[in-house]
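A.B. asks: Sequence and predicted structure are below.
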Amino acid sequence: MTAPAPHALEARDRKPSWTGRDLLVLGARLALGTLFIYMGMNKALEPIDFLKAIREYRMIPEQPPLLINLIAALLPWIEVTCGVLLVLGIAVRGNALLLLVMLVAFTIIVTLRALHIYHTENIPFCAIKFDCGCGTGEEWICHKIPQNLGLSALSLVVLFSRSRRWCLRGELFRPEECTARTADPNFEHQAITSAWPD
């Protein structure tokens, strides 16, 4: 049996402390996760309304109807799943990346539709309001774009952070390893088995 490394023993005896970064990442995870659960469930419970909202963009061919119906049926549940996994702290970076990609795509699509309305109907840009299919009803475009950019920023915070406080794939399963990683920046480059019995 391999003896535990000294830094691992020290880390086990040290009570982990919260940092501002930990709180920021946890807050970003919970905010993103809860919001996407809420928006995804709204769309999942009203699939016909969501399908109509998708059709308004006229970006997806309606014939054959399989593709647009699949998007309307699956996308809300993808959002809900990502939100739940973020809140629980499972595959945090992967889910943050997926949400970031969706947010960027949604923002571009919503902006293009608003620009089309602006040019065809001669309405001031910030006076444009429509149901973007986000699960929150009608939105003013000048509110929706900054909101999406803010959510994208939160996704970036989660994506590039190494904090894994209150993650099911982190300290809840292997507290000693996570604490040792926080305590010793060189711990990542050593064999994990050095801190665990064979």
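C.D. replies: That came through, no problem. Numbers count the residues shown, from 1 in each chain.

A.B. asks: Could I get the full set of helices for this protein?
C.D. replies: Using DSSP state H, the helices found in the chain span residues 6-13, 20-45, 47-57, 66-88, 92-121, 141-160, 175-183.

A.B. asks: Let me know which of those is the nearest to Cys132.
C.D. replies: The minimum distance between Cys132 and these falls on helix 92-121, with 5.0 Å, by C-beta to C-beta. For the C-beta atoms, the positions are set from N, CA and C on the backbone; glycine is no exception.

A.B. asks: For the closest one, give the mean pLDDT please.
C.D. replies: Across helix 92-121, the average pLDDT comes to 93.

A.B. asks: the inter-axis angle of that helix versus helix 66-88?
C.D. replies: 130 degrees (axes from the mean of the first three to the mean of the last three C-alpha atoms, to 10 degrees).

A.B. asks: Could you name the helices and strands sitting against helix 92-121?
C.D. replies: For helix 92-121, the packing partners by 3 or more C-beta pairs under 8 Å, 6 or more residues apart in numbering; DSSP states H and E come out as helix 20-45, helix 47-57, helix 66-88, strand 129-131, helix 141-160.

A.B. asks: Using neighbour counts, pick out the buried residues of the first one.
C.D. replies: Judged by neighbour count (16 or more other C-beta atoms under 10 Å), helix 20-45 contains these buried residues: 22, 25-26, 28-29, 31-33, 35-37, 39-44.

A.B. asks: which strands and helices sit next to that helix?
C.D. replies: Checking 3+ C-beta pairs under 8 Å, 6+ apart, helix 20-45 ends up next to helix 66-88, helix 92-121, helix 141-160.

A.B. asks: now do 6 Å
C.D. replies: Contacts defined by 3 or more C-beta pairs under 6 Å, 6 or more residues apart in numbering; DSSP states H and E place helix 20-45 against helix 66-88, helix 141-160.

A.B. asks: Could I get the ones you listed in CSV, plus columns for distance to Val101, mean pLDDT and mean neighbour count?
C.D. replies: What follows is the helices and strands packed on helix 20-45, written out as CSV (distance: least, C-beta to C-beta, whole Å; pLDDT from 0 to 100; neighbours: other C-beta atoms under 10 Å):
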stretch, distance to Val101, mean pLDDT, mean neighbour count
helix 66-88, 11, 92, 17
helix 141-160, 9, 93, 17
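
A.B. asks: could the ones you listed be laid out in a markdown table, adding distance to Ile109?
C.D. replies: Converted to a markdown table, the helices and strands packed on helix 20-45 look like this (distance: least, C-beta to C-beta, whole Å):
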| stretch | distance to Ile109 |
| --- | --- |
| helix 66-88 | 12 |
| helix 141-160 | 10 |
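
A.B. asks: quick one: which of the ones you listed is nearest Lys129?
C.D. replies: Nearest to Lys129, of the helices and strands packed on helix 20-45 and by C-beta to C-beta, is helix 141-160 at 7.0 Å.
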